[in-house]
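K.L.:
what's the 3D shape of this:
(chains A and B)
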Amino acid sequence: MKECKIVSRKFEIENSHTLSVAREHGGYNAVEAAFALEDEAIVEIIKASGLRGKGGGGAPTGNKWALIPRDGDRPSYLAVNADESEPGTFKDRQIIAKDPHLLIEGIIITSYAIGAHEAYIYIRGEYYQFQKILQAAIDEAYVEGIIGQKVMGHDYRLDITVHRGAGAYICGEKSALLESMEGKRGHPRLKPHQQEPEWYFGNPTLVNNVETIASVPFIVKNGADAYRQYGTKSSPGTLLFALSGQVNRPGVYEAEFGASMLEYIEHYGGGIKNGKKLKAVIPGGASTPVLTAAEAACTNLDYETLRAMGSSLGTGGMIVMDEETCMVAALKNLLEFYHEESCGQCTPCREGTGWVDGIVASLLEGRGRQEDIDRLLDVSETMNGKTICVFAPAVSGVIDAFVQKFRGEFESYLRDVR
Amino acid sequence: MSNITMTVNDQQIVAAENELLIKVLNQNGIDISYFCYHDALGADGNCRMCMVEIEGQKRPQIACDTFVKEGMSVRTKGENIDRVRRNILELELINHPVDCPICDQAGECKLQDFYLDYGLYDSHIEMADKVHHRKHIDLGSNVMLDQERCVLCARCTRFTSDITQTHELGIIGRGDHARVSTMPGKQLDNPYAMNVVDLCPVGALTSKDFRFAQRVWFLTSTPSVCHGCAKGCNIFIDHNREKYKDEKIHRFRPRENLAVNGYFICDAGRLSYKELQENRQLQALYDGSAVDFAEATHYFQMMFQEQPKQIVILADANLYTEELEAIIMLADRLNATLVCPMQTYTDEAFGDAWLKSSQRAANTKAIEELGITTVLSDANAIDLLISFNHPDFTAVTAKKSVSFQTHSGVEADLIFPLAVFSESSGTVINEEGVVQRCKKAIYRNDPIPSVLEWIEMLKADGEER
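P.N.:
This next block holds a predicted model:
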């Protein structure tokens, strides 16, 4: 497989999280390149690079940046989404732990491009030790004059504040994240009726994932075309794909978009544990519909292919399941998570996640009734497309894929009991 | 703002451009289900019950977050959308205790209404699998919370955060463990707290004052105006009559009037119904002994045998305008001085910037508009004092005194029982000058005459002699 390290370039270097090591290896070089440009020119470069949001949605980043108004009568903000809570996804924490200065560098450039003087990093509460590394890096950057009143000697002020979440998955949803940052319950907001930025205390705000921001320095320094060398036409660049589950070497490995899924699992993950056969792969974090081994075999790791497969690339965090995995138990594991994490704001999700969890539990406990499997699909349908945010539709997609692709296993729980 | 034309269920509708669809549907009398939306609180979008189909949209949309546009075509009925609504209702109900037989909201409960409109399925969940919460929490301010019945529409929490801005209520917990609560150790404590009971579309919030008192379907609602202060908040008097007994008021509820009180009333006004049926003067008394009404009018005429020179009439600022006008004519006829001392009605501590006026009488504006004197200039040597329920009656000394009074406890030579405002009809003028009509709500087995009726009887009696 083609070696490509854009975000993970310094991951293997010892003490890469310190400023001196980061600088030795070219850290903060892109800042000078950025300040040599007009802010709007940076937005154009990002647009041209085709950079897509790496938090799961895959929306074009440049377009999002362009939504921040430049009239100057209100402050604008950058909020970096480090509330990485999706099961199977653990890439942002690698960036924070191994190369926090790359993130800070990205924040400086992004803030400059959108005219923000305050940037926030919303980090999940459970990432305590990573938050400490991040804060230490920020403190170092302040001391060295990299951020603060004069960013690297330029006439530009930037303050970075780390905001710890209290452990709610839903706060990774951008509007819930901002509600939480405003000191309210982390509830997603109603979607706007036209394209507009997010709002933090009524001021225009850009919310981007850690990895997205960490990709910015490379693009600004080397140009959009350099980024487009990697990946496919509509999914340019690279992603920190992650591997977990029954593989020999689980971990985070950067690869370009468009790589073959099985090749990736083989090359980086070292194949399936104990020489077992592959049964299924959840391609991009728990909330993406599961793929059978046969589907995985003809899957490339890019947004378009996975969408065409009826699934989604999501965050690129693959959960690999071998032939001995019980798919009913696997679904139960996922549904327990959603049951626990539904924010409870809107009805279909609040009540639906509990109900489907209960139904699968009754199957596993041998209390399953003949009609339960269809009921599962029925409730799933009500959860799809009828809520404020995409939490419930994602759960619905998970259920549908598990039940439709492995219906026999679900039925076996009925037959075995009766 | 200009108007647009749209269609709902193939019916043409004209609406204001960019109006909320849910408002347009309500204004046109088209059935739409919802828990969380409220005109006073706006859209929250959490209950998902108001889903409609909009032509050109792939998925059903919530009417409370949709703005109407020219040419928009909306369906609130049809196989697909009915199914969606029905399924969401089922989700509202899976963890609901369905304890309607012991629930005070029964009969005015949106869950019941919707279930009977289009639910009608058997439960698909075992009772044992339901999520349980606490069932009786005294929130304070006469509000009881049953967390299990709650549909988490957040109307109550939005009322305390957006309207009263007192922030007592919030939702804690996530998912199906979410529930309404106060902050630890805190109570619901504001002068408008009981409005959350009306706002609650289900039986989660009930009034400690009303619960277990009556089934709502036995109640009759009569529109009226609160007499607690000069604000003139519009209310419904909810009352009924048990067999052989006198009719009884069980509660006051706010009645929407955007020109006066909006959607709400204060708790003091809401509970003021109790005063209307406590400690009432039921009999006519002469020299402390009960007399019948005919005898009482006779004694009234006797008061004039000694040719009293200075006669003073006191009129209460709570009387209807029509009653005040009749008293003015009576004063003319008797050559009496008519006064309504006002200082007694002023209560600065009661007033606030919203619905509570520091003028604590319903018709002070009428006193002003009718030109009734408010200062008793010569309080000495009063030969005959006639009071129409004025609270300061006992502060004035006179040789002889007659009192028409709604409540007992005041001594006078001659006492006539008097109807309260709920027992007669008339108009009041609020402090902003809005003239409002009150309908007679309460009919007693042994009627107590109103001011107008007494004056008629006295006139008839006087003419006979």
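
K.L.:
Does A:I45 lie in a helix or a strand, and which?
P.N.:
If you go by DSSP states H and E, A:I45 is part of helix A:39-49.

K.L.:
Now do whatever helix or strand comes next after that helix: which elements does it pack against?
P.N.:
Where DSSP H and E defines the elements, the next helix or strand beyond helix A:39-49 is helix A:61-66. Secondary-structure packing of helix A:61-66 (3 or more C-beta pairs under 8 Å, 6 or more residues apart in numbering or on different chains; DSSP states H and E): helix A:39-49, helix A:100-114, strand A:203-209. Any C-beta I mention is one placed from the backbone N, CA and C, and that applies to glycine too.

K.L.:
Around chain B, pick out the residues from the stretch 51-200 of chain A.
P.N.:
Contacts of the stretch 51-200 of chain A with chain B, taken as C-beta under 8 Å from any C-beta of the partner chain, map to A:168, A:170, A:185, A:190, A:193.

K.L.:
Just the buried residues of those residues.
P.N.:
Buried members of these, scored by 16 or more other C-beta atoms under 10 Å in any protein chain shown, are A:168, A:170, A:185.

K.L.:
Low-confidence stretches in the chain?
P.N.:
No chain in the question, so chain A it is. Chain A contains residues with pLDDT under 70 at A:416-418.

K.L.:
sorry, should have said chain B
P.N.:
The low-confidence ranges in chain B, as defined by pLDDT under 70, are B:1, B:462-465.

K.L.:
Name the residue of the stretch 151-300 of chain B that lies nearest to chain A.
P.N.:
Using C-beta to the nearest C-beta, B:A178 is the residue of the stretch 151-300 of chain B that sits closest to chain A, at 3.3 Å.

K.L.:
SS state for the residue in chain A positioned nearest to chain B?
P.N.:
Nearest to chain B in chain A, going by C-beta to the nearest C-beta, is A:G344, at a distance of 3.3 Å. At A:G344 the chain is in coil, as set by DSSP: H, G, I helix; E, B strand; the rest coil.

K.L.:
Surely it and A:R350 touch.
P.N.:
Yes. Judged on C-beta atoms under 8 Å, A:G344 makes contact with A:R350 at a distance of 4.4 Å.

K.L.:
anything in contact with each of these two?
P.N.:
Shared contacts of A:G344 and A:R350 (C-beta atoms under 8 Å, 6 or more residues apart in numbering or on different chains): B:152, B:175-176, B:178.

K.L.:
Just to check, B:L458 is in contact with B:T297?
P.N.:
Yes. Assessed by C-beta under 8 Å, B:L458 is found in contact with B:T297 at 5.5 Å.

K.L.:
Have a look at those two and say which one is more surrounded.
P.N.:
B:T297 (22 against 18; other C-beta atoms under 10 Å in any protein chain shown).

K.L.:
wouldn't B:F114 be in contact with B:M49 here?
P.N.:
Yes. B:F114 is within contact range of B:M49, at 7.3 Å (criterion: C-beta under 8 Å).

K.L.:
Which one's more surrounded, the two?
P.N.:
Neighbour totals were compared for B:F114 and B:M49, and B:M49 leads with 25 against 22 (other C-beta under 10 Å).

K.L.:
mind checking how far that one is from B:L418?
P.N.:
Between B:M49 and B:L418 the distance is 49 Å, computed by C-beta to C-beta, to the nearest Å.

K.L.:
If you count neighbours, what's buried in stretch A:123-141?
P.N.:
Neighbour-count burial for stretch A:123-141 [16+ other C-beta under 10 Å]: A:123-124, A:126-127, A:130-131, A:133-135, A:137-138, A:140-141.

K.L.:
Ok, stretch B:223-241 next?
P.N.:
B:224-240.

K.L.:
Looking at those residues, which are in strands?
P.N.:
Counted as lying in strands by DSSP state E, out of those, are B:224-225, B:234-240.

K.L.:
wait, what's in contact with the closest residue to B:R437 other than its chain neighbours?
P.N.:
For B:R437, ignoring the flanking residues on the chain, the nearest one in space by C-beta to C-beta, 6 or more residues apart in numbering or on different chains is B:T427 at 5.1 Å. B:T427 makes contact with B:320-322, B:435-438, according to C-beta under 8 Å, 6+ apart.

K.L.:
what two of the shared contacts of A:G344 and A:R350 are the furthest from one another?
P.N.:
B:L152 and B:G175 (10.5 Å; C-beta to C-beta).

K.L.:
Mind checking what helix or strand follows the longest helix along chain B in sequence?
P.N.:
In chain B, assigned by DSSP state H, the helix with the most residues is helix B:79-94. Sequence-wise, the next helix or strand downstream of helix B:79-94 (DSSP H and E) is helix B:110-114.

K.L.:
Which parts of that next one count as buried, going by neighbours?
P.N.:
B:110-112, B:114.

K.L.:
Can you list the strands that the following helix or strand past it pairs with?
P.N.:
Using DSSP H and E, the helix or strand that follows helix B:110-114 in sequence is strand B:137-140. Strand pairing for strand B:137-140, using DSSP bridges, gives strand B:143-145 (antiparallel).

K.L.:
circling back to that earlier point, mind checking which of A:G344 and A:R350 has more residues around it?
P.N.:
Using other C-beta under 10 Å as the criterion, A:G344 and A:R350 rank with A:R350 on top: 28 against 25.

K.L.:
where along chain B do the helices fall?
P.N.:
So, for chain B - with DSSP H - the helices run B:21-27, B:79-94, B:110-114, B:155-158, B:195-199, B:267-271, B:293-302, B:321-334, B:364-369, B:451-464.

K.L.:
May I see those organised as a markdown table, with distance to B:P341 added?
P.N.:
Converted to a markdown table, those look like this (distance: least, C-beta to C-beta, whole Å):
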| stretch | distance to B:P341 |
| --- | --- |
| helix B:21-27 | 47 |
| helix B:79-94 | 56 |
| helix B:110-114 | 48 |
| helix B:155-158 | 42 |
| helix B:195-199 | 34 |
| helix B:267-271 | 23 |
| helix B:293-302 | 23 |
| helix B:321-334 | 14 |
| helix B:364-369 | 10 |
| helix B:451-464 | 18 |
